[in-house]
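Q: Got a sequence here, can you build the structure:
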Amino acid sequence: MKLAQLNTLGAGEATAHYGFANKDNSAMRQEAYERFKLLGLPKNKHEIFGSTGVKKIYEVEYHRDENVSEYVIPKSDNHRIVFVEGWFNQAQSSLPHGVSVEIESHPRLLHESKNPFYFLSYALNDAFYSVRIKEETQLQKPLEIVYVNNKETAHTHMHVSLHVGANAKVDVYERLLVGSGSLFNHTLALHVSEGAQISHVHEQKAHEKAHIISNYHYVQGKDSKASIYSLEAGAALCVSVWDIFLRGDKAQMDFVALQLPKNEQHLSTIVALHHDAPNTHSSQLIKQVINDSAKGVVDAKVVVSKHGVGTKSNQLCNSLILSDKAQVQAFVKPQLEIFIDELEASHGATVGSLNEEQLYYLMSRGIAYERARELLIDAFTHQAYERFPEYAKGGMGAT
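A: Presented below is the predicted three-dimensional model:
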């Protein structure tokens, strides 16, 4: 089945062709699918996906095998929740006290979304999963959420809700293990309750021929604190869409991203951060290092509504171009939409190449050319890298 064929199918036909007979085909699923058809697959001028290159996967033939693979993940000392090809794998999971995974009937459908891939994840998933972290829970080790989609040219659509209870504290380490030619389209909807704290690492180091669409919907309550650390280094095409809503007084969000496209990869980071309550704070730091014929897209927006009095927000996007072919492929678009006067906000973006004078200086001190380049690239990414949690840094050097 090709994505391009979906606009011609009804909800029941899509469920039959793209999924399994055990899907409930409920009114909510049908509504989500009709919403997808209304929006259609994104075209070049789509406000979210216009520059992401997602059209290149519309004619790819994906398949679905009812037999779930027996892929075994290397053991870890961390807590762990494992999903294999859309299904919760209890045998490989290790849940701490205060954390549960359940199938829920139908989470709230985000009718206001303009993201057609979100509606596909809602309509075509095998089961809606809900991860709940009980209020006051304080996890001492990271909670890994691992998605496995290991079959070649397979497709998986997932919808997971993560609820962090009041005054809970958790480190979430999200890892995507996606195979060659596979399509993995998933939604993670997070609710961070009053006084809760979450550190969320998103690590995407999938197979170089994988196709990934990640849809995130964050809602934060009063006095909550969230930190997101995104590493994009794998896949042939990956689009990560982050919709973040600060809806409680004094909610805080820090967003840090490292995007490292090379060869002919097309990696996109799309952020819309909404200040919808008084005295909320946010910061965004996004670093790109673009090599070979790759393309890196950053579309980062801050929206301050009329309810966002006392907002403090800063945003910085830096891109480093390492080849002539990549130079025309960078797309950086920081934006501010402000509907009040009582706030502090700043944004900026830079696009450049390695400093030839600095390179010459290092080489004049006896440092080989390739090593000198590595040192300058490390210096460029250091500001973002140093903010990642220590538990996530061990695997970052392998990118």
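
Q: which residues does the most centrally placed residue in the chain bridge with?
A: By C-alpha atoms, centre = their mean, the chain has its centre lying nearest to residue 240, at 4.0 Å. Counting by DSSP bridges, residue 240 forms beta bridges with residue 214, residue 269.

Q: shouldn't it be in contact with residue 234?
A: No: judged on C-beta atoms under 8 Å, residue 240 makes no contact with residue 234 at a distance of 11.9 Å. Just so you know, the C-beta spots here come from the backbone N, C-alpha and C atoms, and that holds for glycine as well.

Q: Mind listing the shared neighbours of those two?
A: Residues touching both residue 240 and residue 234 (C-beta atoms under 8 Å, 6 or more residues apart in numbering) are residue 204.

Q: so who does the residue nearest to the centre of the chain touch?
A: Counting by C-beta under 8 Å, 6+ apart, residue 240 makes contact with 202, 204, 212, 214, 216, 230, 232, 268, 269, 270.

Q: part of a helix, is residue 49?
A: No: Residue 49: not assigned to a helix; according to DSSP: H, G, I helix; E, B strand; the rest coil it is coil.

Q: Quick check: phi and psi at the closest residue to it other than its chain neighbours.
A: Distances taken as C-beta to C-beta, 6 or more residues apart in numbering put residue 42 closest to residue 49, at 3.6 Å, once the chain neighbours are dropped. Dihedral angles of residue 42 (phi, psi; degrees, to the nearest 10) stand at phi -60, psi 140.

Q: so residue 42 touches residue 56, yeah?
A: No: using C-beta under 8 Å, residue 42 makes no contact with residue 56, being 11.8 Å away.

Q: Which residue of these two possesses the greater neighbour count?
A: When neighbours are counted by other C-beta atoms under 10 Å, residue 42 and residue 56 differ, and residue 42 comes out ahead with 20 against 12.

Q: Quick check: the gap between the more buried one and residue 214.
A: Going from residue 42 to residue 214 by C-beta to C-beta, to the nearest Å gives 15 Å.

Q: Repeat that for residue 347.
A: 23 Å.

Q: just residue 196 next, same as before
A: Computed as C-beta to C-beta, the residue 196 to residue 214 distance reads 22 Å.

Q: before we move on, what about residue 324?
A: Taking C-beta to C-beta as the measure, residue 324 falls 30 Å from residue 214.

Q: quick one: which of those two has more around it?
A: Per other C-beta under 10 Å, whichever of residue 324 and residue 214 has more neighbours is residue 214, with 25 against 9.

Q: got a list of what that one touches?
A: By C-beta under 8 Å, 6+ apart, the contact set of residue 214 is 176, 186, 188, 202, 204, 238, 239, 240, 241.

Q: can you put these in TSV and add distance to residue 279 and pLDDT?
A: As requested, these are exported to TSV (distance: C-beta to C-beta, whole Å; pLDDT from 0 to 100):
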residue	distance to residue 279	pLDDT
176	35	95
186	33	97
188	27	98
202	27	97
204	33	96
238	35	97
239	32	97
240	28	98
241	27	98
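
Q: count of residues packed around the residue lying closest to residue 116 once chain neighbours are set aside?
A: Excluding the flanking residues, the one nearest residue 116 by C-beta to C-beta, 6+ apart is residue 39, at 4.2 Å. Residue 39 sits with 18 neighbouring residues when counted by other C-beta under 10 Å.

Q: May I have the residues that are in contact with residue 39?
A: With contact taken as C-beta under 8 Å, 6+ apart, residue 39 is in contact with 114, 115, 116, 119.

Q: In the stretch 201-350 of the chain, mark out all the helices, start to finish.
A: Ranges of helices within the stretch 201-350 of the chain are 324-327, based on DSSP state H, counting those that start in this stretch.

Q: where do the strands sit along it?
A: All strands of the stretch 201-350 of the chain, identified by DSSP state E, counting those that start in this stretch, fall at 211-220, 225-232, 237-246, 252-259, 266-275, 281-290, 295-304, 311-321, 331-338, 343-353.

Q: What of the stretch 51-200 of the chain?
A: Using DSSP E, counting those that start in this stretch, the strands found in the stretch 51-200 of the chain span residues 79-84, 87-88, 99-103, 128-133, 143-149, 155-164, 169-178, 183-192, 197-204.

Q: Rebuild these as TSV, extending it with distance to residue 341 and mean neighbour count.
A: What follows is these, written out as TSV (distance: least, C-beta to C-beta, whole Å; neighbours: other C-beta atoms under 10 Å):
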stretch	distance to residue 341	mean neighbour count
strand 79-84	44	23
strand 87-88	48	16
strand 99-103	43	14
strand 128-133	38	21
strand 143-149	41	24
strand 155-164	33	23
strand 169-178	35	23
strand 183-192	28	24
strand 197-204	31	22
